[in-house]
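Trainee: no letters, just coordinates:
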Ligand code: ADP
Ligand code: MG
């Protein structure tokens, strides 16, 4: 039979029903899937250490033939599998404590690659962290260089077997890969031909070779994704007839004149971008991203006033009552000179107050509305909602954000977030949003000093905190877990609060965490805001929301347990007033010193977001690897940002020139996307 990309793998020689099943578990059903099954790493056997030169105390990678094997018990009853390897330089013993079963896998005559520390145990002994059987007893050493791809494997199918399959069939599989890119584009972007790339990934001569191959495949992944997003943006823009606000310069100008401060350059730029969006005929769909304290609320207020001076209502929805109250207070203050009074709608108002607020909203008397989820309840009707602002947008579900927008007739949408994300992520996660960043901080704020301390400094830290409280200030103490039952080895918030109550007997100590009822939590937060509580013990529930300018100390216990972005959010809780503030990271974890030090020295949220991304990789970031419905297998955000940018530009150009990918030279793109992307068909159905 002739092989096609969609031919089932079971027709390949060497693949029986059982292997086909195992391959299916890896997502490999067709021969095309097999061809695209990428190694997740490589072993570089070109830099192996001769057995005789594997020195004590070092980490070594060695290759040798197995001479003898055996299982020996130790005095403590542990059974140790041992194998002696030989190469031209000599012999070396390897030992696998507690793994006697390896006797069935590792046999004399095999060529073995081992990698691990060399220790002293009746002589030199390598304790492999991993090993690979490179060749069986009578087989020659694997040819073609010694860069060994290691494939994601599964039960019943080892990476060696997968490597074997690919080696055996690669030459007939490669011709099945059709390069979707026209030569001209490939030349312009500097892409390797697809077949070369796949060959390099599976059968590299050098590590650089493999990396070049991977980059080409990564480009294609980004490119598909960006084509999909460019298309989605195109359709959305077309479908997104919105309100065309006029530049009346009435309320907005008066706000500018009466504002007690000068906008930062970034704020001015953001207001300009939003104004451009709102005065355009399409609907605005913009994300305003900036660290806490960069002044997003004022920017949003300009947008709200632009809607209001055009005879529309504007609403801002916040995730907690406290935040909503805070916004309401800010807006009330800033709008006073304009004779405008914002409406507040939150759950804790009395029924009568709520009814009255709803009435004013429905009648249109309430021009600017601040609220919580209460705004999206069915009973709420707007007279004429022209702008929906969602603060801390990631705290709301997609439906909730949409629900607010649906309270109007295609209102403009502005999303706010204090969680800066790297540009790479923004392009991927929010490919169909326009993004504005605020990086600059308004002047006149107190600085936040960060310090890394160990347990031995605890008494001094407490003295410091006591001093701040005595001077009328407040502090947070954050723990990684609620109570010790979660992790016996970690200090916990509940126990911490108890002990701090004793230590700070002359002050009031409060406690909030995720298992305390929202109303109670709100009550404690309010008390802290009003300085009835001086020391607030918490878990990361305080990450978002509360603005207490009087708080000047953020003490984080077990700082090593937190992600960098999370630490940054916590740090953002202080330094909100004019006084100098302190973020103290407490950690005895030696392995975390470097990253925590870096954190202490970095203040820019976007830079920290980049570091956080590199640290955690993409996998952990919700949905990111699945962004746009296309899983990323080759691309690595930490390394490939340039590829992403290029892919984005190229894709946008193609969609601009040929929105439905109808031209013959784009047929291959269209086919790939319809095949691979769940919404592909829908997106490209229409001509
Ligand atoms: P964010 O929501 O981005 O964390 P806010 O909008 O709450 O920040 O602003 C934080 C504080 O900074 C508020 O008290 C606000 O009035 C003040 N502020 C905003 N912009 C400026 C500015 N340009 N100059 C001085 N203070 C500002
Ligand atoms: Mg805010």
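Mentor: Cool, the structure landed. Fair warning: this is a prediction, and the values are worked out from it, not measured in the lab. Ligands and ions are numbered 1, 2, ... in the order given.
Trainee: in stretch 508-527, what's buried?
Mentor: Neighbour counts over stretch 508-527 (16 or more other Cβ atoms under 10 Å) mark 508, 509, 510, 511, 512, 513, 516, 521, 522, 524, 525 as buried. C-betas here are computed from N, CA, C, even on glycine.
Trainee: hang on, the third one packs against residue 535?
Mentor: Yes: with contacts defined as Cβ atoms under 8 Å, residue 510 counts as touching residue 535 at a distance of 7.3 Å.
Trainee: on that earlier part again, redo the buried residues of stretch 508-527 as TSV? Include distance to ligand 1, secondary structure and pLDDT.
Mentor: TSV is the format used below for these (distance: Cβ to the nearest ligand atom, whole Å; DSSP: H, G, I helix; E, B strand; the rest coil; pLDDT from 0 to 100):
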residue	distance to ligand 1	secondary structure	pLDDT
508	25	coil	97
509	26	strand	97
510	23	strand	96
511	25	strand	95
512	20	strand	93
513	23	coil	91
516	24	coil	88
521	20	helix	88
522	19	helix	85
524	21	helix	93
525	16	helix	90
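Trainee: using the three-state scheme, assign residue 443.
Mentor: coil (DSSP: H, G, I helix; E, B strand; the rest coil).
Trainee: count the neighbours of it for me.
Mentor: Residue 443 is flanked by 8 other residues according to other Cβ atoms under 10 Å.
Trainee: for the residue nearest to it when sequence neighbours are not counted, phi and psi?
Mentor: Distances taken as Cβ to Cβ, 6 or more residues apart in numbering put residue 264 closest to residue 443, at 7.9 Å, once the chain neighbours are dropped. The phi/psi pair for residue 264 (degrees, to the nearest 10) reads phi -70, psi 170.
Trainee: again, but for residue 98
Mentor: Dihedral angles (degrees, to the nearest 10) for residue 98: phi 70, psi 10.
Trainee: so who does it touch?
Mentor: Residue 98 makes contact with 78, 79, 80 under the criterion Cβ atoms under 8 Å, 6 or more residues apart in numbering.
Trainee: can you rerun that using 7 Å?
Mentor: By Cβ atoms under 7 Å, 6 or more residues apart in numbering, the contact list for residue 98 reads 78, 79.
Trainee: quick one: it from ligand 1, how far?
Mentor: 53 Å (Cβ to the nearest ligand atom, to the nearest Å).
Trainee: sec struct for residue 42, please.
Mentor: Assignment for residue 42 (three-state DSSP): strand.
Trainee: measure it to ligand 1 for me?
Mentor: Residue 42 is 45 Å from ligand 1, by Cβ to the nearest ligand atom.
Trainee: what's the per-residue pLDDT of that residue here?
Mentor: Among the per-residue scores, residue 42 holds a pLDDT of 85.
Trainee: what segments of the stretch 151-300 of the chain are helices?
Mentor: 159-173, 183-189, 194-202, 207-239, 251-258, 265-279, 296-308 (DSSP state H, counting those that start in this stretch).
Trainee: who in the stretch 151-300 of the chain is up against ligand 1?
Mentor: Residues of the stretch 151-300 of the chain lying near ligand 1 by Cβ under 6 Å from any ligand atom: 261-264, 267, 290, 292-298.
Trainee: just the buried ones from those?
Mentor: Buried among those by 16+ other Cβ under 10 Å: 263, 264, 267, 290, 292, 293, 294, 295, 296, 297, 298.
Trainee: determine which two of those residues are furthest apart.
Mentor: 263 and 292 (17.4 Å; Cβ to Cβ).
Trainee: what residues does the stretch 401-550 of the chain put near ligand 1?
Mentor: Near ligand 1, when you scan the stretch 401-550 of the chain using Cβ under 6 Å from any ligand atom, you find 418, 442, 444.
Trainee: can you report phi and psi for the nearest residue to residue 17 once chain neighbours are set aside?
Mentor: The shortest distance from residue 17 to any non-neighbouring residue, by Cβ to Cβ, 6+ apart, is to residue 10 (6.8 Å). For residue 10, the backbone dihedrals are phi -70, psi -10 (criterion: degrees, to the nearest 10).
Trainee: sorry, back to before: need the residues of the stretch 401-550 of the chain next to ligand 1 in CSV (columns: pLDDT and neighbour count).
Mentor: Below are those laid out as CSV (pLDDT from 0 to 100; neighbours: other Cβ atoms under 10 Å):
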residue, pLDDT, neighbour count
418, 85, 24
442, 87, 16
444, 75, 7
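Trainee: for the residues you listed, which one is nearest ligand 1?
Mentor: Nearest to ligand 1 among those is residue 442, at 3.1 Å by Cβ to the nearest ligand atom.
Trainee: quick one, phi/psi of that closest one?
Mentor: The phi/psi pair for residue 442 (degrees, to the nearest 10) reads phi -60, psi 150.
Trainee: would you confirm that residue 274 contacts residue 286?
Mentor: Yes: using Cβ atoms under 7 Å, residue 274 is in contact with residue 286, at 6.3 Å.
Trainee: per-residue pLDDT, residue 349?
Mentor: So residue 349 comes in at 95 (pLDDT).
Trainee: any idea how far the closest residue to it other than its chain neighbours is from residue 47?
Mentor: Counting by Cβ to Cβ, 6+ apart, residue 357 is the residue found nearest to residue 349 once chain neighbours are left out, at 6.9 Å. With distances defined as Cβ to Cβ, to the nearest Å, the gap from residue 357 to residue 47 amounts to 71 Å.
Trainee: which one's more surrounded, those two?
Mentor: Counted by other Cβ under 10 Å, residue 357 and residue 47 do not tie: residue 357 has more neighbours, with 21 against 10.
Trainee: report how many residues lie close to residue 350.
Mentor: Neighbour tally, residue 350, other Cβ under 10 Å: 8.
Trainee: distance-wise, check residue 608 relative to ligand 1.
Mentor: On the measure of Cβ to the nearest ligand atom, residue 608 and ligand 1 end up 16 Å apart.
Trainee: in a helix, that residue, correct?
Mentor: Yes: with three-state DSSP as the criterion, residue 608 is part of a helix.
Trainee: do a quick rundown of the helices in the stretch 301-450 of the chain.
Mentor: Counting by DSSP H, counting those that start in this stretch, the helices of the stretch 301-450 of the chain are 321-335, 351-363, 398-405, 423-429.
Trainee: which elements pack onto the third one?
Mentor: If I follow you right, that is helix 398-405. strand 385-390 (3 or more Cβ pairs under 7 Å, 6 or more residues apart in numbering; DSSP states H and E).
Trainee: I'd like to know how many residues surround the residue nearest to residue 17.
Mentor: Neighbours of residue 10 (other Cβ under 10 Å): 16.
Trainee: isn't it up against residue 19?
Mentor: No: Residue 10 is beyond contact range of residue 19, at 8.0 Å (criterion: Cβ under 7 Å).
Trainee: so what's the gap between stretch 114-124 and the chain middle?
Mentor: 39 Å (Cα atoms, centre = their mean, to the nearest Å).
Trainee: swap that for stretch 481-499, please
Mentor: That offset, for stretch 481-499, works out to 28 Å (Cα atoms, centre = their mean).
Trainee: pop out the phi and psi values for residue 97.
Mentor: According to degrees, to the nearest 10, residue 97 has phi -60, psi 140.
Trainee: so what's it up against?
Mentor: Contacts of residue 97 (Cβ under 7 Å, 6+ apart): 78, 80.
Trainee: what bridges to it?
Mentor: residue 80 (DSSP bridges).
Trainee: please report the distance of it from ligand 1.
Mentor: In terms of Cβ to the nearest ligand atom, residue 97 sits 54 Å off from ligand 1.
Trainee: give me the pLDDT value at that residue.
Mentor: The predicted local confidence for residue 97 is 88.
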